[in-house]
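Engineer: my questions are about this predicted structure, shown below with the sequence.
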Amino acid sequence: MAQNKTNPTNQDVSAFIDHFADTEQKRSDSFDLIALMQEVSGFEAQMWGPSIIGFGIYHYKYESGHEGNAPLVGFSPRKATISLYAFTGLPEHEHLLNNLGKYKMGKACIYIKKLSDINSEVLKTLIKTTINYLQNKYKS
């Protein structure tokens, strides 16, 4: 069975942001997102793989037998946008995206240009809901 490529590492989060975030705006937004996600999640920031900053951990196991660990929520300051991993992608949670602000959507990934484009209170609710959902679904 294939190994999960996104695992926690000991890479320094601040050093990653200083090296990887290509603009002052993205660096500033990244540090602000760390503060926000740490506050809401109660977990410290940790690097997952080479480019994801994650908070908390859960163990998943799919019906296919594939299993692994993943951060409860996280983000990555990618070149074009900041990718937020803070949404379940479930239809019953789509209402949580109302009033979030200016973003684009992947399957369960939210893409933003800058943090000021979104409503931080709505993001906090989204993060809390996602964490609660994952912790309940994937109880140990």
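Structural biologist: Yep, that arrived.

Engineer: for Thr23, what are phi and psi?
Structural biologist: In terms of degrees, to the nearest 10, the main-chain angles of Thr23 are phi -140, psi 160.

Engineer: same thing with Ile131?
Structural biologist: Dihedral angles (degrees, to the nearest 10) for Ile131: phi -60, psi -50.

Engineer: and the pLDDT at it?
Structural biologist: Reported pLDDT at Ile131 in the predicted model: 97.

Engineer: how about Lys5?
Structural biologist: Predicted confidence (pLDDT) for Lys5: 72.

Engineer: so that it lines up with my notes, have the first residue be 394 from now on.
Structural biologist: Shifting the count to begin at 394 puts that one at Lys398.

Engineer: where does it sit, in terms of helix or strand?
Structural biologist: Using DSSP states H and E, Lys398 sits in no helix or strand.

Engineer: for this structure, just list every one of the strands.
Structural biologist: For the chain, the strands defined by DSSP state E cover 438-441, 445-448, 451-454, 460-463, 466-470, 475-478, 497-498, 503-505.

Engineer: ok now the longest one, how far from the chain's centre?
Structural biologist: Here the centre of mass of C-alpha atoms in strand 466-470, compared against the chain's by Cα atoms, centre = their mean, to the nearest Å, lies 4 Å away.
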